[in-house]
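Visitor: Give me the fold of what follows.
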Amino acid sequence: MRPVIVVHGGAGRIFKEREEGCRAGVVRAALRGYSVLKQGGSALDAVEEAVRSMEDDPHFNAGCGSVLNEEGEVEMDAIIMDGKNLASGAVSAVKRIANPIKLARLVMEKTKHMLLTDRGAQLFAQAMGVPEIPGEKLITERSRERWKKNLEADSNPVEFQKDLGTVGAVAVDSEGNVACATSTGGLSNKLVGRVGDTACIGSGGYADNCCGATSTTGHGESIMKVVLARLILYHMEQGMSPEMAADTALEYMKTRVGGLGGVIVVSSSGEWAARFSTKQMSWATVKDDELHYGIYAGERHTKSVDEALASQSEGC
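Guide: Purely as a prediction, here's the structure:
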């Protein structure tokens, strides 16, 4: 089996001055995840590595680039799932953790539970030796300015919720196992304690060796209403290709509940898709040592992995 990885950096609005940073970020994440796969690593290890890369990149609404809640704090959600045995781990409303996806995996592997939230997740992190960092270290100047602007009396909540964010990865490894991982800072100026789709199995992501894996991004409440990740895999079980399944599910979410979003999908046989109903979604994939990436609908750049790695080493 030839390994494949697909990553996304969030569907929504990406301002022009941030486009190149987002492209570079998803490319870097995809290459890191693919390196794990090429060295014989598991799909689970690959998606965690890819998502951790994006959590550490302030261009994305996850980890150190997370948006702020109504009180000006970062609260993050994450999920990871193993398609081999349907094991899953998730955390929600966590604070002062640099990489929530790492904590989600610990929930999966070190507990009998699937989701820990808020204080319980923090206590578990302490027990596992996951270091807490000052909350300020997760706040970028851009996130703080957006938070302040959104508090203004004349701010338009519909407008600022177009900045949907979220990061994710799906992969199939050389043994045919699939996995998914998704991480987010949520919605700008959300209520304290709000948890979106990301941490919810079947909504923020799903993985099953019998079919494939998917990670979602977009308006969380809409994604939860249609259980988007599992819906896509259901369509694939009925014989649809990853691309058709993604388009069908996104169109259903749009017409049924008025929600926009994006998805990445990989089948157990290695077919993949990156589809979105928003204006933009940064994405990248590596298969057969070839990298593909883009942001706009119809945009698809292609490089060999060697060329992409050389460009990174030159700082391009």
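
Visitor: Which secondary structure state does residue 206 sit in?
Guide: Following DSSP: H, G, I helix; E, B strand; the rest coil, the label given to residue 206 is strand.

Visitor: Need the nearest residue in space to it, chain neighbours excluded.
Guide: Among residues not flanking residue 206 along the chain, residue 229 sits closest, at 4.1 Å (Cβ to Cβ, 6 or more residues apart in numbering). In this view, the C-beta of every residue, glycine as well, is placed from N, C-alpha and C.

Visitor: what comes into contact with the helix or strand hosting the one you found?
Guide: Element membership of residue 229, judged by DSSP states H and E, is helix 228-237. Here helix 228-237 makes contact (Cβ atoms under 8 Å, 6 or more residues apart in numbering) with 180, 197, 202-206, 208, 210-212, 214-216, 218, 223, 242, 244-246, 248-250, 252-253, 261, 263, 265, 267.

Visitor: Centre-most residue in the protein?
Guide: residue 168 (2.1 Å; Cα atoms, centre = their mean).

Visitor: ok, now which ones touch that residue?
Guide: Residue 168 touches 7-8, 51, 180-183, 204-205, 215-217, 264, counting by Cβ under 8 Å, 6+ apart.

Visitor: if we can go back for a sec, the residue nearest to residue 206: neighbouring residues, count only.
Guide: Residue 229 is flanked by 31 other residues according to other Cβ atoms under 10 Å.

Visitor: ditto for residue 243
Guide: Residue 243: 14 neighbours (other Cβ under 10 Å).

Visitor: Residue 247 is in contact with residue 275, isn't it?
Guide: Yes - Residue 247 is within contact range of residue 275, at 5.6 Å (criterion: Cβ atoms under 8 Å).

Visitor: Compare neighbour counts for these two and give me the winner.
Guide: residue 275 (23 against 19).

Visitor: give me the element residue 92 is part of.
Guide: Short version: residue 92 belongs to strand 87-94, going by DSSP H and E.

Visitor: Direction included, what does that strand pair up with?
Guide: strand 76-82 (antiparallel), strand 115-117 (parallel) (DSSP bridges).

Visitor: Show the subsequent helix or strand relative to it.
Guide: Sequence order places helix 100-110 as the next helix or strand after strand 87-94, per DSSP H and E.

Visitor: and for that following helix, what are the contacting residues?
Guide: 44, 48, 51-52, 55, 62-63, 76-82, 87-91, 94, 97, 113-116, 121, 124-125, 128, 130, 181, 183, 199.

Visitor: What mean pLDDT does it get?
Guide: Computed over helix 100-110, the mean pLDDT rounds to 99.

Visitor: then it to CSV, C-alphas only?
Guide: Taking C-alpha atoms only, helix 100-110 is exported to CSV below (Å, rounded to 0.1, in the frame of the first residue of the first chain):
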residue,chain,number,x,y,z
PRO,A,100,-4.2,19.8,22.3
ILE,A,101,-3.9,17.0,19.7
LYS,A,102,-1.2,15.3,21.8
LEU,A,103,-3.5,15.5,24.8
ALA,A,104,-6.3,14.0,22.7
ARG,A,105,-4.1,11.0,21.8
LEU,A,106,-3.3,10.5,25.4
VAL,A,107,-7.0,10.4,26.3
MET,A,108,-7.4,7.7,23.6
GLU,A,109,-4.4,5.6,24.7
LYS,A,110,-4.3,6.1,28.5
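
Visitor: Restricted to helices, list the contacts of helix 228-237.
Guide: With helices defined by DSSP state H, the entries of the contacts of helix 228-237 inside them are 223, 242, 244, 245, 246, 248, 249, 250, 252, 253.

Visitor: farthest-separated two in the residues you listed?
Guide: Greatest spatial distance in the ones in helices among the contacts of helix 228-237: 223 and 244, 19.0 Å, computed using Cβ to Cβ.

Visitor: Look at those two and report which has more neighbours.
Guide: Taking other Cβ under 10 Å, residue 223 and residue 244 do not tie; residue 223 has more neighbours (29 against 15).

Visitor: any idea what sits nearest that one, other than its immediate chain neighbours?
Guide: Nearest residue to residue 223, sequence neighbours excluded (Cβ to Cβ, 6+ apart): residue 197, at 3.9 Å.

Visitor: how near is the one you found to residue 182?
Guide: From residue 197 across to residue 182, the span is 8 Å (Cβ to Cβ, to the nearest Å).

Visitor: Spell out which residues are contacts of both of those two.
Guide: Residues touching both residue 197 and residue 182 (Cβ under 8 Å, 6+ apart): 204, 216.
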